[in-house]
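Q: coords please:
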Amino acid sequence: MFPAHIRGNDEKIQSVYQHSHNTAKLAELWLENSGLGSVGRLVGLLHDVGKLSQVFADYICHRTDLERGSIDHAYAGAKYLASLGNGDLNKETAAIGMAHTIVSHHGIHDWLDADNNDYFARRISKEEGYDEIHKNLGEITNDIDIKSLFDKACSEWLDATCRIKTNDSTEFAFYLGMLERFIQSALIDADRTDTADFMSGKETELTPDRQELWAAMDEQMDITLDGFKDRKDVISTQRRSISDRCAEFAQHRVGCCRLIVPTGGGKTLSSLRFAIKQCKEFGLKHIFYVAPFMSILEQNSEIISKICGDENCLEHHSNIIADMDDDTELRDYQLCTERWNKPVIATTMVQFLNALFSSKSSCVRRMHVLSDSVIIIDEVQSIPLRCTHIFSLAVNFLTKVCGSTVVLCSATQPTFDEYGLMFDERPDMIEDYQQDFEVFQRTKILPELSRYGYDTDEAAEYCKQKFEENGDLLLIVNTKKQALDMYSRLKELLSDKAYVIHLSTNMCPAHRKKRIAMLRRFLKRGLPVVCVTTQLIEAGVDISFSCVVRALAGLDNAAQAAGRCNRSGEKGRLCPVYIINFKNEKLGSLEEIKIAQGISQNIISHNKDADLLSVEQQSLFFSHLFRSYSDKLDYPAGNTMLLELLSSNIKKWEVKKKSLFGLSQSFKTAGELFRVVDSNTKSIIVPYNLDAARIIEKLNDDISPDETVRLLRKAQKYTVSVYTGAERNLEISISKSGAFYLDKRFYNSEYGITTENSDREILLY
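A: Now for the predicted structure:
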């Protein structure tokens, strides 16, 4: 019996046979609904055959001085699997694709490295100990017909490659890469889960049949909706109509669709109702709710958890651990986030896209959980432009190969289908949405652009006039510097007439949360209030003004700004949303805003009588925007594109042409380059209040590593992210724990910190 693991507390041995068969069982279970069960079983059985040697047995039993990681136990299973192709091109391709996952079950690799060398060929060319390992294979395979299992696995692998029809070689290679990552994800999770089970002496509960849960959630949804049935106003009636149409749409199996609902139309409950019924009708395993911004996620997670129950819902984002003092609670939470093992997962766009593209093993491990699930992507227009093509192709893979249902939610839908995304034949969950927009029309976009633009004084006088006409006002500008300038000017003009409030991400989350709560109280009481902010407030903040002034940007920004105005039709009239342009606006590196401004201005000038909030005008805007960025939608990365690294890798492949086309991706390089948000930021703890000041003080004491981690968790709500190089005018110190913190003289109770050359808001988390 060859040992795979030895448990520390009682020296119990888990054999390679036991571990391999357990891993194979789990990987098969997690891939079988996608038609890849035999693939999972095969790679699970062979992933650790490199441990079938006396050298590894001596190492694991501490009979040698070999260091951890010094024995390559991953090459042998891949070498054996690759040899089974026997010259048949289809089987050889499938064998190598599957063998890649064995080599990578401890972390992804570049199959063509920086020097254009074939990494896989080099790894499986090893001979050291292979004869002994090959001779001992019977310990794992003696009761299995490996040839028959291999043939089934090849058939499944090849069938999966044919499920997405494309004549584009780059897209085809991308799908092959996604298939490899999908299989690898299940293998990594199965390997780690069985190892953890053995080491802990516990057995992980396998995914149960969730039909009873979906039925209970469906019943709870009906109870929730019944609470609104006595509301007979037009808005409430239309919300119920939207919800009913979403429920009806769930009666047929959906791949990828759009949910186009006007702001305030109740799309969170409607999309969740669809998801529950789709899972109930077709036996799906999970519901994912994905939001781009923390403000949206935290707000809607509360709605979701009331329907499904706290015990069935996992919120996966950075803020959730800030209030966890109990170490056991934290460990349980972190294990859940590693495995996404709850029925309903509410998470961020960052975590979702990282599961598809990041190089971190923890992210790769989660990817397979997205299969056989309903994935609701809220405010889908917030997908970074550079991610457009790889996002579209990844959605195709999830729906066509993984059996997932993907719902793209927004009142402002980007034209992803122009860049590869494959919608169903019935692409719209609600086809007759025009009436919805008419009923929910609570605002009117009024462009009031000046030939030369408004300077600060002119814009302030304009806002003063609109405030006096409407009783309150929200001003949204494009940069933090502009917001601060306009705040200062309006405070001078209106300090005796209104509460003037400033909001930006230069305030820590606790500070912003308090200011937004104050705004809501003032507005609810009908007090005169003016808020000056940036697109931060468009990120799903549930707030309602009588009048909005928006600095010219994209038409999607205008639509999102309108969503902060007369939100529930409570004003009893159409409320104005004015678009103005600023003179000599200093946008610096904000190229996307500059281009969006030009497109919006062109549409406005040529469509004077058009409703700029209509689906048609918003689609027109995105079509022009995508065309303007056509050379950047494949995710530029140095002198190449991320899409190329994740697909044909053609520049490197053409140098060697030894590896099979479509199996030469540079996964590790691409994953390290991939960022949903710019990474050149520094997190700084700010002394916002006494609690924050105490945390900073304690981090400068001699404290244990566990206490440091606990304090850093608590400090998240007092942290401001600043772009590197933009903090030159601040006094920043480093605590004994290594955390950056700000001197109290540089944090202002009105507007947070001030930084130079940092006008972009940091919105995605």
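
Q: what about Tyr175, distance to Ile164?
A: Distance of Tyr175 to Ile164, computed by Cβ to Cβ, to the nearest Å: 5 Å. (Glycine included, C-beta is placed from N, CA and C.)

Q: higher neighbour count, these two?
A: Neighbours of Tyr175 and Ile164, each counted by other Cβ atoms under 10 Å, are more numerous for Tyr175; the result is 22 against 19.

Q: could you pull up phi and psi at the closest residue in space to Gln435 that isn't next to it in sequence?
A: Distances taken as Cβ to Cβ, 6 or more residues apart in numbering put Gln238 closest to Gln435, at 7.9 Å, once the chain neighbours are dropped. In terms of degrees, to the nearest 10, the main-chain angles of Gln238 are phi -70, psi -40.

Q: ok, Gln238 touching Pro262?
A: No. The pair Gln238 / Pro262 is not scored as a contact, 9.1 Å apart, by Cβ atoms under 8 Å.

Q: list the residues that contact both of the two?
A: Counting by Cβ atoms under 8 Å, 6 or more residues apart in numbering, the residues touching both Gln238 and Pro262 are 436, 440.

Q: between the two, who's got more neighbours?
A: Ranked by neighbour count (other Cβ under 10 Å), Gln238 and Pro262 place Pro262 first, with 23 against 19.

Q: next SSE downstream of the helix or strand of the chain with the lowest mean pLDDT?
A: In the chain, no helix or strand scores lower on mean pLDDT, DSSP states H and E than helix 327-339, which sits at a mean of 64. Using DSSP states H and E, the next helix or strand after helix 327-339 towards the C-terminus is strand 344-348.

Q: neighbouring contacts of that following strand?
A: Contacts of strand 344-348 (Cβ under 8 Å, 6+ apart): 286-294, 297, 300-301, 304-305, 308, 312-317, 369, 764-765.

Q: before we move on, what about stretch 61-68?
A: Outside of stretch 61-68, the residues within contact range by Cβ under 8 Å, 6+ apart are 3, 6, 55, 58-59.

Q: repeat that with 6 Å
A: With contact meaning Cβ atoms under 6 Å, 6 or more residues apart in numbering, stretch 61-68 is reached by 58-59.

Q: and that stretch, which residues are buried?
A: Judged by neighbour count (16 or more other Cβ atoms under 10 Å), stretch 61-68 contains no buried residues.

Q: give me the mean pLDDT for that stretch.
A: For stretch 61-68, mean pLDDT is 86.

Q: distance of Thr479 from Glu171?
A: Here the criterion is Cβ to Cβ. By it, Thr479 lies 38 Å from Glu171.

Q: what's the domain layout of the protein?
A: 3-165+181-200, 211-433, 442-612, 681-746 (automatic domain parsing).

Q: CSV for those, including distance to Phe622?
A: Formatted as CSV, the domains of the chain follow (distance: least, Cβ to Cβ, whole Å):
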stretch, distance to Phe622
domain 3-165+181-200, 24
domain 211-433, 4
domain 442-612, 7
domain 681-746, 27
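
Q: leaving aside the residues next to it on the chain, what's closest to the residue nearest to the spatial centre of the chain?
A: The centroid of the chain falls nearest to Met349 when counting by Cα atoms, centre = their mean (2.2 Å). Among residues not flanking Met349 along the chain, Pro292 sits closest, at 4.4 Å (Cβ to Cβ, 6+ apart).

Q: what's the separation between the one you found and Arg123?
A: Note on Pro292: its distance to Arg123, by Cβ to Cβ, is 39 Å.

Q: cool, and Leu213?
A: From Leu213 across to Arg123, the span is 43 Å (Cβ to Cβ).

Q: just confirm Lys481 is within a helix.
A: Yes. Under DSSP: H, G, I helix; E, B strand; the rest coil, Lys481 falls within a helix.

Q: which SSE is immediately downstream of the longest helix seen in the chain?
A: Of all the segments of type helix in the chain, defined by DSSP state H, the longest one is helix 169-200. Using DSSP H and E, the helix or strand that follows helix 169-200 in sequence is helix 211-226.

Q: can you point out the buried residues in that next one?
A: Buried residues in helix 211-226, counted by 16+ other Cβ under 10 Å: 213-214, 216-218, 221, 225.

Q: what's in contact with stretch 103-111?
A: Under Cβ under 6 Å, 6+ apart, the answer for stretch 103-111 is 47, 74, 78, 119-120, 123, 184, 187-188, 191, 359, 361, 664-669.

Q: again, but for stretch 742-754
A: Identification of contacts with stretch 742-754 by Cβ under 6 Å, 6+ apart yields 484, 502, 506-507, 684, 686-687, 720, 730-732.

Q: and stretch 617-628, by the same measure?
A: For stretch 617-628, contacts defined as Cβ under 6 Å, 6+ apart pick out 412, 414-415, 555, 595, 599, 610.

Q: quick check: buried residues in that stretch?
A: For stretch 617-628, burial by neighbour count (16+ other Cβ under 10 Å) applies to 617-622, 624-626.

Q: between those, which is closest to Leu272?
A: Of all the buried residues of stretch 617-628, Leu272 sits closest to Gln618, with 23.9 Å by Cβ to Cβ.

Q: can you pull out the helices in the stretch 301-450 of the chain?
A: Using DSSP state H, counting those that start in this stretch, the helices of the stretch 301-450 of the chain run over 327-339, 349-357, 361-366, 388-400, 434-439.
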